[in-house]
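Asker: Have a look at this prediction, sequence included:
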Amino acid sequence: MADENTGSGKKTTLGLTGLTINAMALIAPGAFLWLTFAMQSQYGAPLAGQGMWFGIVVALALCFATAVAYAELSKLYPGAGSSYFFAEQAFLSKTKYAKFARVAKFTVGWASHLYYWVYPGVMVGVTALLGGYLAGQLWPDTFSSGVASPLFMIIFCVLFAFGVAYIAYRGVIGTTGVNMAINVIQITALLIFSFIAIAYRAKHPEGSSGYTMDPDGNVTDKIIVMETTKEKDGKETTAPKKVKVKNDKGGEDEVYATEKEASGKDKPFLVSYAEPVSKEKDGKETFNYHATGSSVVQPHGFSFIIIQACIAILILVGFESVTSMGEEAKNAKRDIPRAVLLSLGIQGLVCYLIEYFAANFFLNSGYNLTQAGASTAPLGDMMKIVGTWLFGSPEAGWWFMFVQALSVFLALVGTTLSCLSTGARVTYAMGRDEEVPAHFGMLHGKTLTPHRSIWTLAVISAIIGILSILLNYCGSAAATDAAIGDLPKNIWYKFGLFSNATASNLPCSLLVTTLVSNFGTFLLYMMTCLTAIMAFREHQSFSGIKHMVIPVFGLLANLLCMAFYLIGPFLVTGMSPKESFWALGICLAWGVYGAVYFVRSSRAKGKAILLNHAAGSTS
């Protein structure tokens with residue numbers, strides 16, 4: 001075709017800064033603090049949330065071990081395809097194992113698609129949730145910010161997936177420019193919130209007057225009256241009390257009742273950190289907030305750390321994405337290894353540890369971890385509170401949250417763009433080798449981008465995004481019947497929601513797709529660490545630390561995290577097995593389909609599964 005070519009044909013335009021920026025866009029701290037804090041609060045509740053910060057430290061150690069493997073392999077084998085390319089070259093370099101080179105590269109490439117094809121769809125889904133939350137903030141009479149409209153999010157998934165794909169289609173130079181601007185904006189916004197959240201905690205010691213949230217998500221400095229009523233079945237329910245007050249128009253408004261002092265004035269809300277772990281009537285314990293700053297950075301238990309580390313993989317992946325840009329780098333051998341480690345260091349070691357400390361340190365009796373887990377956007381709630389305190393009014397607090405939310409949206413554009421571009425390049429590399437249909441290995445004649453892979457991934461991302469949000473309010477995230485009953489009665493809420501009893505028994509689809517992506521990540525990282533061991537075995541530059549100890553640690557750490565998803569639900573209260581086993585089933589089905597496809601495709605093309613030539617040959 002006139003507008004396509006099958007050669008490499010890519011422009012070498014990226015230096016160290018451009019490569020690092022592209023990798024940093026995928027590890028977007030401004031986006032993931034907003035998106036994953038609720039998930040980290042819910043999964044393993046009621047106690048695992050206290051290990052959140054230290055869990056990220058452990059996940060960072062795992063990722064750095066894997067990053068070293070990627071960095072070392074990219075020095076040895078610069079080129080497109082990332083782990084897929086590394087696996088082939090590592091096996092070809094060893095006489096004894098050269099015959100397994102094709103099997104190894106296909107296995108790594110196929111497994112990597114669990115990450116690179118699912119992850120963009122997860123990003124599309126969570127961005128739709130953010131869009132649904134903001135729609136509720138902007139048009140509260142039409143939408144609810146607490147329970148986003150399924151129809152709105154479905155439409156959003158399609159538009160967002162194809163909008164990001166169009167940016168990727170236009171080429172890597174435009175992509176890098178967009179990612180540069182997004183990184184500057186999101187990191188600035190992130191640091192501003194973090195410092196204000198820390199200042200709020202510092203300025204609100206035990207017993208001081210502070211702020212909380214009313215049931216409608218509005219910031220208040222007063223105490224809401226709670227009343228207990230008995231249902232027909234004898235069960236007691238506690239809910240906020242409402243009273244009617246006259247308005248300026250001569251009518252009446254229904255508002256929440258507030259506690260009064262003897263003088264008749266409203267009682268101010270007083271901040272407390274006195275009961276960080278509370279006990280229910282049945283003896284169960286619930287973690288609420290950290291009593292001290294040192295508590296934030298403490299481990300609090302092995303199982304809690306592993307739970308949080310497993311979730312934190314979602315927020316840290318992306319450093320390896322730059323290794324797929326070897327053909328677009330000016331000096332791939334020098335700059336790609338540096339970009340891998342720099343991107344993880346800047347975003348993970350600096351930004352994430354600061355922001356997660358700030359968010360956890362902020363928690364108090366006015367906004368605790370249980371409330372965060374029940375919220376669509378806990379960071380949005382926190383931003384309203386600290387903005388109200390800093391700028392003097394709930395309206396100003398709302399605008400502070402809204403501006404921050406826009407920076408989160410921009411960060412999500414960069415994250416989705418970077419992952420979609422990386423996934424398309426891996427598919428392109430496999431298509432060029434005819435390990436998947438050859439049309440995936442074609443570049444556009446003008447933009448020199450793998451356009452067939454990009455548009456295919458756009459369709460897949462839209463579908464996965466829709467599947468992610470369809471059962472989002474299920475499992476541990478199931479909305480209450482009261483919350484569903486209070487939703488606006490319009491077309492936006494005609495379908496996609498279930499009663500609490502039904503929803504509680506269904507898996508949370510967003511968590512399922514997240515775990516599928518995470519399982520793909522663990523598999524890919526394990527295989528890459530194994531590839532690094534293979535590649536440098538008997539190599540003249542072999543280092544016992546870099547090429548054996550570190551990749552072995554990375555391999556075992558990834559394996560531990562993957563195994564914990566399967567055994568954790570039977571050991572830790574709050575972990576449900578539904579989502580884990582659904583995700584595992586999807587991964588197994590993908591693996592079986594890949595094996596069948598590989599054998600049938602090899603026979604149809606007359607390609608040998610086991611190679612029959614000497615090591616060092618790439619023919």
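Answerer: On my side now, so go ahead.
Asker: and T286, which of the three is it?
Answerer: Here T286 is recorded as strand under DSSP: H, G, I helix; E, B strand; the rest coil.
Asker: so it makes contact with E275?
Answerer: No: using Cβ atoms under 8 Å, T286 is not in contact with E275, being 9.7 Å away. C-beta coordinates here come from the backbone N, C-alpha and C atoms, glycine included.
Asker: Neighbour count for the two, which is higher?
Answerer: Neighbours around T286 and E275, counted as other Cβ atoms under 10 Å, are more numerous at T286. The numbers are 17 against 13.
Asker: For the closest residue in space to the more buried one that isn't next to it in sequence, what are phi and psi?
Answerer: With sequence-adjacent residues excluded and distances taken as Cβ to Cβ, 6 or more residues apart in numbering, T286 is closest to P46, at 4.0 Å. The phi and psi values for P46, taken as degrees, to the nearest 10, are phi -100, psi 0.
Asker: what's the spacing between P46 and M575?
Answerer: Separation of P46 from M575 (Cβ to Cβ, to the nearest Å): 12 Å.
Asker: G51 too?
Answerer: Counting by Cβ to Cβ - G51 and M575 are separated by 13 Å.
Asker: got any residues that touch both of those two?
Answerer: Shared contacts of G51 and M575 (Cβ atoms under 8 Å, 6 or more residues apart in numbering): I307.
Asker: Could you give the secondary structure assignment for T142?
Answerer: Once three-state DSSP is applied, T142 turns out coil.
Asker: Could you pull up the contacting residues of it?
Answerer: Taking Cβ under 8 Å, 6+ apart as the test, what T142 contacts is 135, 488, 490, 492.
Asker: Tally up the residues packed near Y77, please.
Answerer: The number of residues near Y77, taken as other Cβ under 10 Å, comes to 23.
Asker: What score does it have for pLDDT?
Answerer: Per-residue pLDDT puts Y77 at 83.
Asker: M153 now?
Answerer: On the pLDDT scale, M153 gets 95.
Asker: Please report how far the nearest residue to it once chain neighbours are set aside lies from M382.
Answerer: Distances taken as Cβ to Cβ, 6+ apart place A128 nearest to M153, at 3.9 Å, with adjacent residues excluded. Applying Cβ to Cβ, the value for A128 to M382 is 22 Å.
Asker: So between those two, which is more surrounded?
Answerer: More crowded of A128 and M382, by other Cβ under 10 Å: A128, with 30 against 27.
Asker: mind listing the strands for the stretch 301-450 of the chain?
Answerer: 443-444 (DSSP state E, counting those that start in this stretch).
Asker: Residue ranges in it under the pLDDT threshold?
Answerer: The stretch 301-450 of the chain contains residues with pLDDT under 70 at 326-327, 443-448.
Asker: And for the stretch 501-619 of the chain?
Answerer: 574, 613-619.
Asker: all strands of it, in order?
Answerer: Under DSSP E, counting those that start in this stretch, the stretch 501-619 of the chain gives no strands.
Asker: quick one: which of the contacts of T142 has the most company?
Answerer: W492 (22 neighbours).
Asker: Buried residues of stretch 118-126, list them for me.
Answerer: Within stretch 118-126, the residues that count as buried by 16 or more other Cβ atoms under 10 Å are 118-126.
Asker: and that stretch, what's its mean pLDDT?
Answerer: If you average the pLDDT over stretch 118-126, you get 91.
Asker: can you check stretch 251-266 too?
Answerer: Stretch 251-266 comes out at a mean pLDDT of 83.
Asker: so how far is the first residue of that stretch from its last?
Answerer: One end of stretch 251-266 to the other measures 23 Å (Cα to Cα, to the nearest Å).
Asker: what's in contact with that stretch?
Answerer: 214-215, 222-225, 240-247, 267.
Asker: 6 Å instead?
Answerer: The contact list for stretch 251-266 (Cβ atoms under 6 Å, 6 or more residues apart in numbering) reads 214, 222-225, 240-247, 267.
Asker: Which of these fall in helices?
Answerer: Using DSSP state H, the subset of those located in helices is empty.
Asker: Buried among those? Make that a PyMOL selection.
Answerer: To isolate the buried ones among those in PyMOL, judged by 16+ other Cβ under 10 Å, type:
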select buried, resi 222+223+224
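Asker: For V225, see how far away S468 is.
Answerer: Where V225 is concerned, S468 sits at a distance of 39 Å (Cβ to Cβ).
Asker: just checking, what packs against the longest helix along the chain?
Answerer: Looking across the chain with DSSP H, the single longest helix is helix 394-432. Contact analysis of helix 394-432 by 3 or more Cβ pairs under 6 Å, 6 or more residues apart in numbering; DSSP states H and E lists helix 16-26, helix 29-42, helix 101-116, helix 118-138, helix 150-170, helix 172-203, helix 378-391, helix 451-470 as its packing neighbours.
Asker: Pull the residues that contact the fifth one.
Answerer: The contact list for helix 150-170, computed with Cβ under 6 Å, 6+ apart, reads 124, 127-128, 131-132, 135, 416-417, 420-421, 447, 449, 451, 454, 458, 461-462, 465-466, 469, 492, 496.
Asker: swap in the fourth one?
Answerer: Residues from elsewhere that reach helix 118-138, judged by Cβ under 6 Å, 6+ apart: 35, 143-145, 148-149, 152-153, 156-157, 160-161, 376-377, 405, 412, 415-416, 419-420, 461, 464-465, 468-469, 510, 513-514, 516-517.
Asker: Figure out how far the longest helix of the chain is from the centre of its chain.
Answerer: 11 Å (Cα atoms, centre = their mean, to the nearest Å).
Asker: and if you look at stretch 453-460?
Answerer: Worked out by Cα atoms, centre = their mean, stretch 453-460 lies 20 Å from the chain centre.
Asker: One more: stretch 552-559?
Answerer: With Cα atoms, centre = their mean as the basis, the mean position of stretch 552-559 lies at 21 Å from the chain mean.
Asker: Tell me the buried residues in it?
Answerer: 553-555, 557-558.
Asker: do stretch 98-117 as well
Answerer: 98-117.
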